[in-house]
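Chemist: predicted structure and sequence below. I'll ask about it afterward.
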Amino acid sequence: MFDESKKKFLLHSCCAPCSVAIIDELKDQFDLTVFFYNPNIFPLEEYLKRKTEVMRVCGDCKVPVVDMDYEADQWHGKVAEGLENVEEGGERCSLCFRFRLAKSAEYAAKNSFEFFGSSLTSGRNKKAEVINPIGQEFAKLYKINFFDVDWKTGGRQEKGSRIASTKNIYRQNYCGCKFSLPKNI
């Protein structure tokens, strides 16, 4: 049953392990919808694994999911060209965050969400001080609220790891894009 007192919140999910504790925390506080938009994930088989796990987590939590198109070619054209050899965490990653957060904010604004946020800051190698200002920029542009949180804090990262282990959630060993692939894959 929908609780009209709860504000609508769109959570961009990068993957199930990073999102599971966040979903668990937000689902009772907000009218939560998860937004799966990750055209950076390579190869397609990996993308499908991660998407399947997000769908499973959301199904278990009874949270709706918006499954966006893959758009890998668009991502590559905007983010990778000329930045293929930049180390992870550099300019290419910032562009990737911008690409996905722009789409999240646009969707949230067009669909009357009061808040949007992202599980990106939950990743151990993802810096909230890089990601959150980008989210704030798009919140201002689209006149909505960005949930400015470092999801690694407050025991959330540990809780997410415990839940992922207990529920046997697939845990990847790289960020997602082909430039972050471990050399042994």
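Modeler: Nice, I can see it.
Chemist: now residue 146, what are its backbone angles?
Modeler: Residue 146 adopts backbone torsions of phi -100, psi 130, taken as degrees, to the nearest 10.
Chemist: that one bridge partners, please.
Modeler: residue 116 (DSSP bridges).
Chemist: that one contacts residue 138, correct?
Modeler: Yes: counting by Cβ atoms under 8 Å, residue 146 does reach residue 138; the two are 7.0 Å apart. Using the backbone N, CA and C atoms, a C-beta is placed for each residue, glycine as well.
Chemist: which one of the two is surrounded by more residues?
Modeler: Per other Cβ atoms under 10 Å, whichever of residue 146 and residue 138 has more neighbours is residue 146, with 23 against 20.
Chemist: what helix or strand does residue 52 sit in?
Modeler: Applying DSSP states H and E as the criterion places residue 52 in helix 44-61.
Chemist: thinking again about what came up before, hey, what's in contact with both of residue 146 and residue 138?
Modeler: Both residue 146 and residue 138 are in contact with residue 105, where contact means Cβ atoms under 8 Å, 6 or more residues apart in numbering.
Chemist: identify the residues contacting the helix holding residue 52?
Modeler: 13, 15-17, 19-20, 23-24, 27, 34, 36, 38, 41, 64-65, 67, 70, 72, 167, 169-170, 172, 176.
Chemist: tell me how far the nearest residue to residue 169 once chain neighbours are set aside lies from residue 70.
Modeler: Of all residues not flanking residue 169 in the chain, residue 16 sits nearest, at 4.9 Å (Cβ to Cβ, 6 or more residues apart in numbering). As judged by Cβ to Cβ, to the nearest Å, residue 16 and residue 70 stand 17 Å apart.
Chemist: who's more crowded, the two?
Modeler: Ranked by neighbour count (other Cβ under 10 Å), residue 16 and residue 70 place residue 16 first, with 29 against 16.
Chemist: and that one, how far is that from residue 159?
Modeler: Taking Cβ to Cβ, one finds residue 16 at 14 Å from residue 159.
Chemist: how about whichever strand or helix holds residue 93: buried residues?
Modeler: Element membership for residue 93, per DSSP H and E: helix 91-110. Residues 92-105, 107-109 are the ones in helix 91-110 that count as buried (16 or more other Cβ atoms under 10 Å).
Chemist: how many neighbours does residue 29 have?
Modeler: Taking other Cβ under 10 Å as the neighbour definition, residue 29 ends up with a count of 10.
Chemist: ditto for residue 129
Modeler: Residues lying near residue 129 (other Cβ under 10 Å) number 8.
Chemist: what about it, helix or strand, and which?
Modeler: helix 128-142.
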